[in-house]
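Visitor: the sequence isn't on hand, but the structure is:
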């Protein structure tokens with residue numbers, strides 16, 4: 001489940017720089033719409049299947065446009081979906097739109113809103129972690145989000161790898177080494193080179 005690769009300081013490349021079920025290697029696995037019976041946070045919102053269906057159709061079309069890389073057009077349709085029936089998935093995809101349109105703050109806002117409706121989305125935490133690491137230059141907050149992602153998806157080797165890269169870049173070599181080892185155990189071959197590099201750094205520090 002690779003995502004597109006981006007350079008990061010001192011730790012080379014993250015496995016997925018945006019947890020988008022979208023963008024390149026993950027084949028734009030944008031969240032597809034589904035009818036919902038209603039969220040606890042939807043108090044006062046009409047539980048009307050016709051409205052939900054229209055919202056579903058708007059998001060489906062917007063998601064299709066996102067897979068084609070047309071974030072500007074997708075924005076219109078996903079916005080409509082949110083107006084009709086706001087869901088965690090719609091906010092997630094709106095975050096993708098905004099990120100692709102280079103409005104990081106709006107992307108973050110929609111991902112936080114997505115989590116307020118469904119707090120158990122590992123990929124949203126991956127997105128937040130990577131944005132805070134890459135764009136906000138806040139490694140501790142990034143590590144916090146990525147740790148939450150790992151708690152929600154403990155068998156995902158790419159989350160282990162991303163967290164290891166962040167730990168290594170922040171100078172926490174022992175946790176990074178342990179995470180690289182776990183990623184390798186779960187089949188992520190490219191983590192081997194990073195593990196060797198982290199061990200070499202640790203040995204160099206020990207010899208001083």
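Guide: Received the coordinates, thanks. Quantities reported herein were computed from a predicted structural model and do not represent experimental measurements.
Visitor: okay, CA-based contacts and neighbour counts for the rest of this
Guide: OK.
Visitor: how about the lengthiest helix in the chain: buried residues?
Guide: Of all the segments of type helix in the chain, defined by DSSP state H, the longest one is helix 49-67. Across helix 49-67, burial judged by 16 or more other Cα atoms under 10 Å covers 52-67.
Visitor: how distant is the next helix or strand after that helix from the center of its chain?
Guide: Moving toward the C-terminus from helix 49-67, the next helix or strand (DSSP states H and E) is helix 71-84. Relative to its parent chain, helix 71-84 has a centroid offset of 20 Å by Cα atoms, centre = their mean, to the nearest Å.
Visitor: ok, now stretch 125-132?
Guide: 6 Å.
Visitor: pLDDT of that stretch, averaged?
Guide: For stretch 125-132, mean pLDDT rounds to 92.
Visitor: for stretch 100-110, same thing?
Guide: 95.
Visitor: residues making contact with that stretch?
Guide: 71-72, 91-92, 94-99, 128, 131 (Cα atoms under 8 Å, 6 or more residues apart in numbering).
Visitor: all the helices of this protein, residue numbers only.
Guide: Counting by DSSP H, the helices of the chain are 49-67, 71-84, 88-100, 104-117, 122-134, 139-152, 157-169, 173-185, 191-206.
Visitor: pLDDT weak spots in the protein?
Guide: For the chain, the stretches with pLDDT under 70 are 1-47.
Visitor: mind running it again at 90?
Guide: Applying pLDDT under 90 to the chain flags the ranges 1-53, 56, 60, 63-64, 66-69, 123, 206-208.
Visitor: ok, now which ones touch the closest residue to residue 113 other than its chain neighbours?
Guide: In this structure, residue 113 finds its nearest non-sequential neighbour in residue 91, 6.5 Å apart by Cα to Cα, 6 or more residues apart in numbering. Shown in contact with residue 91 (Cα under 8 Å, 6+ apart): 82, 110-111, 113-114.
Visitor: return the member of those residues nearest to residue 204.
Guide: Closest to residue 204 out of these is residue 111 (40.0 Å), distances taken as Cα to Cα.
Visitor: just give the number of residues close to the closest one.
Guide: 26 (other Cα atoms under 10 Å).
Visitor: surely it and residue 124 touch.
Guide: Yes: using Cα atoms under 8 Å, residue 111 makes contact with residue 124 at a distance of 6.3 Å.
Visitor: what touches both of the two?
Guide: residue 92.
Visitor: kindly provide the distance from residue 198 to residue 191.
Guide: 10 Å (Cα to Cα, to the nearest Å).
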